[in-house]
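In: here is a sequence together with a model predicted from it:
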Amino acid sequence: MKRKYKRTLYASYLGYITQAIVNNLAPLLFVTFQKEFSITVAQIGFLVTYNFAAQMVVDILAAKYVEKIGYKVSILAAHIFAAAGLIGMGFLPSVLGNPYIGLLIAITIYAIGGGLIEVLVSPIVQALPMDEKSAAMSLLHAFYCWGHVLVVVLSTVYFRVVGIESWRFLTILWALVPIANIFVYAGAPIKVLVEEGNALPVKKLFSMKLFWCFFILMICSGASEQAMSQWASYFAENGLQVSKTMGDLLGPCMFAILMGVSRTFYGIKGDKIPLKKFISISSILCVLSYLVAVFSPSPVLSLVGCGICGLSVGIMWPGVFSLAAEYCSQGGTAMFALLALAGDIGCSGGPSVVGCISGIFQGNLKYGLLAAIIFPVILIAGVNMLKKTNQKF
């Protein structure tokens, strides 16, 4: 890859770290929100749903307008919104009369940034002049995981040293990441994935059965990942009765580390491993990890199940993106935006399914996690179907 594009790649890495902050800081504060603002478990679950629902709206709009606005302007705006929303999460609940409305407004703002980052970063990297793009895509998405780890570890250290009651100032500290990346992206050259006028129109994509297959696979990828990730901290604290520090480190932190290991491994060794086979094996491991988390009599083993789930879901999102780019090379930004939409549907729906099923069983999260097994099962079936077709567009 030409030297001048390395800045673009590094900015994209920081972009996914920003995305990790947007999606994973609030879940560490769910119990705090519940106690400080007197909100229910159902309301907490809606915060997750709302975040990804707002990102879905952005995905839909991006499919139509991003190429007209331009990649550079859009990616810079994404980081501005992300920073503003994170700062708002710390202060809007106190400024407004209704803390819950304050949280929803802040989430709306940073979800706009998160949605744009999700739509733009993958095609920006896919368009860079380099070989082994599926491996590069996996390595790119690994930075989301390492960002997730940083959010959990550094936030946990902050809570221990400064105190959980000062959580508002932590949101400002994390907002410095997207603020810094504004300047990195500002000086980075950006190529477009498909030249304007050559990409398949949205109507054509909608008429392709293969596109809908990838759409469903992306839904299941997002749901398999976030159904565990978004509830891991709460599951550890309230379901397994372990301390917040231990729960965060052994739950969402181990999840993120192992997800990053999976993506980094494929990013380095991906040229030697068939992608569809790797996704299939990972999906089977995902089913097993959910079963361990739910049925293990030991809280420690249940947390191990949470961590192994991270290892299993690592390849799903970037893997499906890469397969879609391979099977539909003329999909362009619209295809990536629609697949990001599908992923966000899964990211929203997965945790919501867990929350709703748990609510039916008096808040027992294990029943909700058990229901989430359906998502990796569908992934297994979908990838096996892809193995039987050579149709490409």
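Out: Sure thing, it's come through.

In: from here on, just use CA atoms for contacts and neighbour counts.
Out: OK.

In: can you list the neighbours in contact with stretch 354-365?
Out: Residues from elsewhere that reach stretch 354-365, judged by CA atoms under 8 Å, 6 or more residues apart in numbering: Ala42, Gly45, Ala227, Phe235, Gly239, Lys366, Tyr367, Gly368, Leu369, Ala371, Ala372.

In: might you list the low-confidence residue ranges for this protein?
Out: Along the chain, segments meeting pLDDT under 70 span 1-2, 131-133, 193-200, 233-251, 331, 390-393.

In: show me where the stretch 201-350 of the chain has its strands.
Out: For the stretch 201-350 of the chain, strands defined by DSSP state E, counting those that start in this stretch do not occur.

In: tell me which stretches of it form helices.
Out: 202-206, 209-229, 232-234, 244-248, 254-269, 275-295, 299-313, 316-327, 332-360 (DSSP state H, counting those that start in this stretch).

In: quick one: closest of these to Ala136.
Out: Closest approach to Ala136 among the helices of the stretch 201-350 of the chain (CA to CA): helix 254-269, 5.6 Å.

In: report all helices and strands that that closest one contacts.
Out: Packing partners of helix 254-269 (3 or more CA pairs under 8 Å, 6 or more residues apart in numbering; DSSP states H and E): helix 133-161, helix 299-313.

In: run the angle between the last one and helix 133-161 for me.
Out: When you say that, I think you mean helix 299-313. 150 degrees (axes from the mean of the first three to the mean of the last three CA atoms, to 10 degrees).

In: pull out the buried positions in helix 299-313.
Out: 299-300, 302-313 (16 or more other CA atoms under 10 Å).

In: now tabulate the residues you listed in TSV and tack on distance to Val152.
Out: Listed next are the buried residues of helix 299-313 as TSV, based on distance: CA to CA, whole Å:
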residue	distance to Val152
Pro299	20
Val300	18
Ser302	19
Leu303	15
Val304	17
Gly305	18
Cys306	15
Gly307	14
Ile308	17
Cys309	17
Gly310	14
Leu311	17
Ser312	20
Val313	18
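
In: name the nearest of the residues you listed relative to Ile164.
Out: Leu303 (22.7 Å).

In: for the closest one, give its distance to Met254.
Out: Distance, Leu303 to Met254, by CA to CA, to the nearest Å: 9 Å.

In: same check on Ala142?
Out: 14 Å.

In: so the spatially closest residue to Ser348 that is not a sequence neighbour, which state does it fall into?
Out: Using CA to CA, 6 or more residues apart in numbering and skipping the chain neighbours, the partner closest in space to Ser348 is Thr49 (4.6 Å). Here Thr49 is recorded as helix under DSSP: H, G, I helix; E, B strand; the rest coil.

In: tally of neighbours for Thr49?
Out: Other residues within reach of Thr49, judged by other CA atoms under 10 Å, total 21.

In: my guess is it meets Val353, correct?
Out: No: Thr49 is beyond contact range of Val353, at 10.1 Å (criterion: CA atoms under 8 Å).

In: what about stretch 117-135, how long is it end to end?
Out: Stretch 117-135 has an end-to-end distance of 20 Å (CA to CA).

In: so how far is it from its chain's centroid?
Out: Taking CA atoms, centre = their mean, to the nearest Å, one finds stretch 117-135 lying 16 Å from the centre of the chain it belongs to.

In: how about the helices and strands packed on helix 254-269 in JSON lines, adding distance to Leu92?
Out: As requested, the helices and strands packed on helix 254-269 are exported to JSON lines (distance: least, CA to CA, whole Å):
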{"stretch": "helix 133-161", "distance to Leu92": "20"}
{"stretch": "helix 299-313", "distance to Leu92": "32"}
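
In: looking at these, which is closest to Tyr290?
Out: Proximity to Tyr290 (CA to CA) singles out helix 299-313 among those, at 6.4 Å.

In: angle of that closest one against helix 209-229?
Out: Angle, helix 299-313 to helix 209-229, by the same axes, to 10 degrees: 160 degrees.

In: tilt between helix 299-313 and helix 316-327?
Out: Using the same axes, to 10 degrees, helix 299-313 lies at 10 degrees relative to helix 316-327.

In: packing partners of helix 299-313?
Out: Under the contact definition 3+ CA pairs under 8 Å, 6+ apart, helix 299-313 sits against helix 209-229, helix 254-269, helix 275-295.

In: so where do the helices sit in the stretch 51-200 of the chain?
Out: Along the stretch 51-200 of the chain, counting by DSSP H, counting those that start in this stretch, helices occupy 71-95, 99-126, 133-161, 167-186.

In: identify whichever of these lies nearest to Glu36.
Out: Using CA to CA, the nearest of the helices of the stretch 51-200 of the chain to Glu36 is helix 99-126, at 9.4 Å.

In: how big is the angle separating that closest one from helix 133-161?
Out: Counting by the same axes, to 10 degrees, helix 99-126 points 150 degrees away from the direction of helix 133-161.

In: okay, the angle between helix 99-126 and helix 167-186?
Out: Using the same axes, to 10 degrees: helix 99-126 against helix 167-186 is 30 degrees.

In: thinking again about what came up before, most tightly surrounded among the helices of the stretch 201-350 of the chain?
Out: helix 232-234 (a mean of 27; mean count of other CA atoms under 10 Å).
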